[in-house]
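In: here's my sequence, what's the structure:
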Amino acid sequence: RGMATAATERTNGLWSFRGFREGGVVGRELAIDCGLALASFLLAVGLMASGGFGAEEAGARGLDGLGVVLAAAVSLPLLARRHAIVPVFIALFAAYAAIAALRFPIDIMLGPLIGLYTLAGAAGRTVPRPLAITLGVGSYFAIFGAIAIGYDLARVADVEAPFVALLWVLIWMAGERVEL
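Out: Residues are numbered from 1 along each chain as shown. The predicted structure is shown next:
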């Protein structure tokens, strides 16, 4: 047995790289979740700094300290998405609702969509299907309630609702077909 193997076996806990070295699932999943959280954070900060996709919404807030905190809140919970599916989902969508209600750009945030995908994948497996469906549908209406508070109801009804409903259904369908 090589020296690297012996050193790896003596190392345990959070800093063990055994899963990475041996191609383990835990190490790969952690690396994927770290990458997703980082990508989500960078996208959220970028959207807030640039005013979002397309024309900037009148009266929308720009990136500030609160925006950075909310960008982290809509991203960092992804690190625990495989182990605490429902709490992570709720945290992601609460942060997304806060972003909308506080008039930050509300374009597509990656974190909540990954949370929805993960919840759909767990529905009927580790999360009871009625609970998962209730959370998925409830998140849709919660986001639009927050948009109505931060922006206006006409925008919600005319433009956002049909597009986001289609997006929610497509993400749910994709997530249901994946085993986590």
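In: so who does Val74 touch?
Out: Val74 sits next to 40, 44, 92, 95-96, 99, 109, 111-112 when contact means C-beta atoms under 8 Å, 6 or more residues apart in numbering. The way it works is simple: take the backbone N, C-alpha and C, and place the C-beta from them, glycine included.
In: okay, those residues in CSV with distance to Ala142 next?
Out: Compiled in CSV, the contacts of Val74 are given as follows (distance: C-beta to C-beta, whole Å):
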residue, distance to Ala142
Ser40, 19
Ala44, 18
Leu92, 11
Ala95, 11
Tyr96, 9
Ile99, 12
Met109, 14
Gly111, 15
Pro112, 10
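In: give the ChimeraX command for selecting the buried subset of these.
Out: To isolate the buried members of these in ChimeraX, using 16 or more other C-beta atoms under 10 Å:
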select :40,44,92,95,96,99,109,111,112
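In: from the contacts of Val74, which land in helices?
Out: Mapping the contacts of Val74 onto helices (DSSP state H) picks out 40, 44, 92, 95-96, 99, 111-112.
In: check the contacts of Val74 and tell me the two furthest apart.
Out: In the contacts of Val74, two members sit farther apart than any others by C-beta to C-beta. They are Ser40 and Ile99, at 12.3 Å.
In: report the central residue of the protein.
Out: The centroid of the chain falls nearest to Gly111 when counting by C-alpha atoms, centre = their mean (2.0 Å).
In: isn't that one right up against Leu79?
Out: No: between Gly111 and Leu79 there is no contact under C-beta atoms under 8 Å: 10.7 Å.
In: please, where are all the helices along this protein?
Out: Going by DSSP H, the chain shows helices at 3-10, 18-21, 25-50, 65-73, 85-101, 110-122, 129-150, 153-155, 161-176.
In: redo these as TSV? Include distance to Glu57 and mean pLDDT.
Out: Below are these laid out as TSV (distance: least, C-beta to C-beta, whole Å; pLDDT from 0 to 100):
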stretch	distance to Glu57	mean pLDDT
helix 3-10	51	44
helix 18-21	43	42
helix 25-50	11	91
helix 65-73	14	96
helix 85-101	11	95
helix 110-122	19	95
helix 129-150	9	90
helix 153-155	9	66
helix 161-176	15	87
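In: how about Ala71, what does it touch?
Out: Ala71 touches 41, 44-45, 48, counting by C-beta under 8 Å, 6+ apart.
In: rebuild the residues you listed as JSON lines, extending it with distance to Arg177.
Out: Compiled in JSON lines, these are given as follows (distance: C-beta to C-beta, whole Å):
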{"residue": "Phe41", "distance to Arg177": "27"}
{"residue": "Ala44", "distance to Arg177": "27"}
{"residue": "Val45", "distance to Arg177": "31"}
{"residue": "Met48", "distance to Arg177": "32"}
